[in-house]
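Asker: Please work out how this folds:
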Amino acid sequence: MQRTIAGFLAGLLFGVGLVISGMSNPLKVQNFLDVFGNWDPSLAFVMGGAILVALPFFRLARSLPRPFMADDFRMPTFQQIDKRLVFGSAIFGAGWGLIGLCPGPALVSFSLLTPEAIVFVVCMTIGMLLARFVADMAMRRALKES
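Answerer: The predicted structure follows:
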């Protein structure tokens, strides 16, 4: 029960932070990306502030034997840059630049029932399911061939 409450509070704090910072406003994000037009650098300060707040906690996490609200740490171990990572990052960046939302802010905007966010979240979900289906098919094909 404590984990659920902690997760809810962390998610709520994150969502409120996204709304206050403007990250859930697609026009603000698009203006941030429009460097040669109506550029709005304020999101760079949001990202910089987030890094400054998170960095000490990532350092702290390395020295702890276990997390406060979980049995163990789940740190990423895969560090190779491959075609899937580059291609996926390019698609993610293009989607973020075109619509002005990435998954976290999109879910916040979805909860506010904004039409752009509803379309984005539905399409994002379909894309994630399609990507999983394609990956599963490739894995099955590779297992058959071996």
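Asker: Quick check: I126 vs F133, distance?
Answerer: I126 sits 10 Å away from F133 when distances are taken as CB to CB, to the nearest Å. (Glycine included, C-beta is placed from N, CA and C.)
Asker: What residues sit buried inside the longest helix anywhere in the chain?
Answerer: In terms of residue count, the longest helix belonging to the chain (DSSP state H) is helix 115-145. Neighbour-count burial for helix 115-145, counted by 16 or more other CB atoms under 10 Å, picks out 117, 120-121, 124.
Asker: Quick one: end-to-end length of stretch 92-112, please.
Answerer: Chord length of stretch 92-112, first to last residue, is 22 Å (CA to CA, to the nearest Å).
Asker: in that stretch, what counts as buried?
Answerer: 95-96, 99-102, 105-110.
Asker: helix or strand for D40, which one?
Answerer: Secondary structure assignment for D40, by DSSP states H and E: no helix or strand.
Asker: contacting residues around M139?
Answerer: M139 makes no contacts at all, as judged by CB atoms under 8 Å, 6 or more residues apart in numbering.
Asker: er, L143 actually
Answerer: L143 neighbours (CB under 8 Å, 6+ apart): none.
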